[in-house]
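[1] need a 3D model of the sequence below.
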Amino acid sequence: MNEEIEIDCPQHGRVALATVCGHLVRNHGVPLGFIENSDEPDDKQGWCYACEFVYLQEEDKTDRFIAFTDYAVVCVHCYDQIKAHHQFDGPMTSAGESEG
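    Here you go, the predicted structure:
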């Protein structure tokens, strides 16, 4: 049972919700890397390489990790735009991305 939660996006209207770390939302300059945190195509969650580093140190979504990520809620279309801007081939690309 996969029930979508929707939000009102100023750019895209009422659409499904996604989450990303606050670093990705606040940084529109140099790409920070992008780690997708879900194998479910309809459950869009992502964070930057710095967040992945903290996640690997903590070995879980601990209080320290959650505070560091400073999660932001965005719509799925904004998520795709953020991912396109920040994703690049780098040293941690395979750490959080596994295809089926």
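[2] which parts of this structure are helices?
    Using DSSP state H, the helices assigned to the chain run over residues 22-26, 49-58, 63-69, 76-86.
[3] possible to save these as a markdown table with mean neighbour count?
    Using the backbone N, CA and C atoms, a C-beta is placed for each residue, glycine as well. Output for those, formatted as a markdown table (neighbours: other Cβ atoms under 10 Å):
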| stretch | mean neighbour count |
| --- | --- |
| helix 22-26 | 17 |
| helix 49-58 | 17 |
| helix 63-69 | 15 |
| helix 76-86 | 18 |
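[4] compare those and give me the one nearest residue 40.
    Proximity to residue 40 (Cβ to Cβ) singles out helix 76-86 among the helices of the chain, at 12.5 Å.
[5] tell me how far that closest one is from the chain's mean position?
    Distance of helix 76-86 from its chain centroid, counting by Cα atoms, centre = their mean, to the nearest Å, is 9 Å.
[6] and that helix, what does it pack against?
    On a contact count with 3 or more Cβ pairs under 8 Å, 6 or more residues apart in numbering; DSSP states H and E, helix 76-86 meets strand 13-20, helix 22-26, strand 45-47.
[7] picking that back up, want to try JSON lines for the helices of the chain, with mean pLDDT and distance to residue 5 as columns?
    As requested, the helices of the chain are exported to JSON lines (pLDDT from 0 to 100; distance: least, Cβ to Cβ, whole Å):
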{"stretch": "helix 22-26", "mean pLDDT": "95", "distance to residue 5": "18"}
{"stretch": "helix 49-58", "mean pLDDT": "96", "distance to residue 5": "22"}
{"stretch": "helix 63-69", "mean pLDDT": "96", "distance to residue 5": "19"}
{"stretch": "helix 76-86", "mean pLDDT": "95", "distance to residue 5": "11"}
